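[1] what follows is a protein structure lacking sequence information:
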């Protein structure tokens with residue numbers, strides 16, 4: 001399952017993690033509205049990988 005979150009680069013606060021990328025994006029818009037000087041964010045995508053050794 002891939003999950004998404006956003007992090008404010010100004011002070012490090014992070015949105016809740018969600019399987020739907022729209023929820024963290026909505027958090028950014030609310031956060032930016034409450035903190036007008038915070039306009040840089042990081043998108044955090046967690047995509048599981050699995051590997052195994054063939055013998």
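    Thanks, I have the structure now. The model shown is predicted, which means the values in this text are computed figures rather than measured ones. Residues are numbered from 1 along each chain as shown.
[2] what ranges do the strands span in this protein?
    3-8, 41-46 (DSSP state E).
[3] just say which of these is most tucked in.
    strand 3-8 (a mean of 19; mean count of other Cβ atoms under 10 Å). All C-beta spots, glycine's among them, are computed from the backbone N, C-alpha and C.
[4] would you check that residue 27 makes contact with residue 17?
    No: contact status for residue 27 versus residue 17: not in contact, 10.5 Å apart, counting by Cβ atoms under 8 Å.
[5] pick out whichever of the two has more residues nearby.
    residue 27 (19 against 13; other Cβ atoms under 10 Å).
[6] which non-adjacent residue is nearest the more buried one?
    residue 15 (3.7 Å; Cβ to Cβ, 6 or more residues apart in numbering).
[7] who touches that neighbour in this structure?
    Contact partners of residue 15, counting by Cβ atoms under 8 Å, 6 or more residues apart in numbering, are 5, 6, 7, 23, 24, 27, 28, 31.
[8] what's across from the third one in the sheet?
    What it means is residue 7. residue 14, residue 42 (DSSP bridges).
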